Every structure is written in C-alpha cells, then in structure tokens.
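K.L.:
sequence first, then the predicted structure:
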Amino acid sequence: AASATHQVLHAGAVNDALDLSAESTLVQGNSLRTFKEDTDRVQIVLKTDGRPLSSRVELWHGPNYNPMKVEIYLEDGGRTPFNCVMDTPYSNTVAVFNTGAIEFPLSTCVAPEVGEGLINIKQNLYDTGVVSTIQGGALKTYTFAPSVQRVQVALVTDSRHLQAKIEVLQGPNNIKQFVDIYSSDGKKRSFFAVFEIPEAGCVFRIVNKGPIEYPISAYLEPYP
C-alpha cells in the first residue's frame, strides 16, 4: 500500500489548483484544438458531461517532433476529469485531440498554473513523498484507504525515455481510467496528474513499458 505521508496544503489552494472551468474550450469528437502558451509549463484539464472520454494530448516542438504524448481514457469524464501538468521547456504548443466519436465532445483548458498551483503541489510531492522504483517491463500496484478521493501521481526518469501506462481499476480488470505516457526525456518532461477516485476500493496499476535499463521513479500519494 502507498504511504500517506504528505504535507497538507490549505483547502483553498487545492480547490483553486484544480478549478480551470472558467476558461474551458469545447473539442468535438474526432477533432483537434491547439494551444500556445508562453510559459515553461501548463496545467491541462479534460472533462465531459458524464460520457466516456478518449483523448490524446501532444507537445509539439517544430513540425515533425513530438517530445511528449499522453493518451487518456475515462469511463466517466464528468466524475473523473483528467487534470495534469505538462512541462514545456522548449516548446509551447499543446495539441488536444478528441479521439472519441462525434457525439462525445469534451471540454478542455490549457493554461498556466492557477492559485498556488498544481506546480507547487507537484514539487511538494517530490520533496516529501515516498518514491518507489519500477524497473523496465515490470508493474506495481498501489492501494489507498477508502476515505481517499483523489490521488496525485508523478512519474520521473533520470533523463531517459519515459514509457508507462497507468490504470485505475475498480474490481478485477475493470478499468475505469487509463493513461498511456511517452516522454523523450522523463526528467525535463516528467508526468504529474491528479486522479479522481469517487468510489472506494480503486487500485492503481502502473506498468513500465520501457526496457529493463530504463527504470521509472513513481510517487503516489493521497492528494491533500
């Protein structure tokens, strides 16, 4: 089971960090929207009105190079919106694809940090969280107390490629949320997200899809 050791931030900072609803943009099924932000990192929110969500988020650096790509599936994009931070050290264009059917639109927001920000919370997780190593080709599972409703997840490498899969399961092999991550540099462009788990008993399963010489450092803690 994952440790519950973390520094609690005040509730206002947490709520502000997750609330980007005022600036949302509608993305119809089977379509693309791009966002250009003059910042080193952005917060990205994806959600629906309760329908399934299928999306792919890419970081673009020039016309033919995508140094980071995240594919997302949510069974219910209303109850469990996707909320992450993406580092953009050398490129500022974020592409959001709605890979679902035309009748399944999604709302997205791509913006600099809000309030005290998920970015500060991410750093707090690195500073105080418990890290576990997942070797290439291996998987680990993590469970949390029934009272936990949100979990923060960070995946980092020592600058090697980051290739991983995160599954949130409710019962045996019943996948409620699925995220597939690729980063060309898991240190400069690490992965950080907050997962909503409204139902007790959810299990996190993380798979390192890389070769054995590409370990991943994983941080999972209850979200404050």
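P.N.:
Structure's in. What do you need?
K.L.:
which element is the residue nearest the centre of the chain on?
P.N.:
Nearest to the geometric centre of the chain sits Ala193, at 3.2 Å (Cα atoms, centre = their mean). Assessed by DSSP states H and E, Ala193 sits inside strand 191-196.
K.L.:
cool, and Lys122?
P.N.:
Lys122 belongs to helix 117-128 when elements are defined using DSSP H and E.
K.L.:
on that earlier part again, which residues touch the strand holding Ala193?
P.N.:
By Cβ atoms under 8 Å, 6 or more residues apart in numbering, the list of residues contacting strand 191-196 from outside reads 18, 70, 79-85, 118, 122, 125, 149-156, 162, 164, 166, 168, 177, 179, 181, 183, 204, 223. No exception for glycine: its C-beta is placed from N, CA and C like everyone else's.
K.L.:
which strands or helices does the helix holding Lys122 pack on?
P.N.:
helix 11-18, strand 41-47, strand 82-87, strand 150-156, strand 191-196, strand 216-222 (3 or more Cβ pairs under 8 Å, 6 or more residues apart in numbering; DSSP states H and E).
K.L.:
partners of the fourth one, with directions?
P.N.:
Think strand 150-156. strand 191-196 (antiparallel), strand 216-222 (antiparallel) (DSSP bridges).
K.L.:
quick check: mean pLDDT of it?
P.N.:
Confidence for strand 150-156, expressed as mean pLDDT, is 96.
K.L.:
ok and it relative to strand 82-87, angle-wise?
P.N.:
Here the directions of strand 150-156 and strand 82-87 differ by 30 degrees (axes from the mean of the first three to the mean of the last three Cα atoms, to 10 degrees).
K.L.:
buried stuff in the helix or strand following strand 150-156?
P.N.:
Moving toward the C-terminus from strand 150-156, the next helix or strand (DSSP H and E) is strand 162-170. For strand 162-170, a neighbour-count test (16 or more other Cβ atoms under 10 Å) marks 162-164, 166-170 as buried.
K.L.:
great, nothing more from me.
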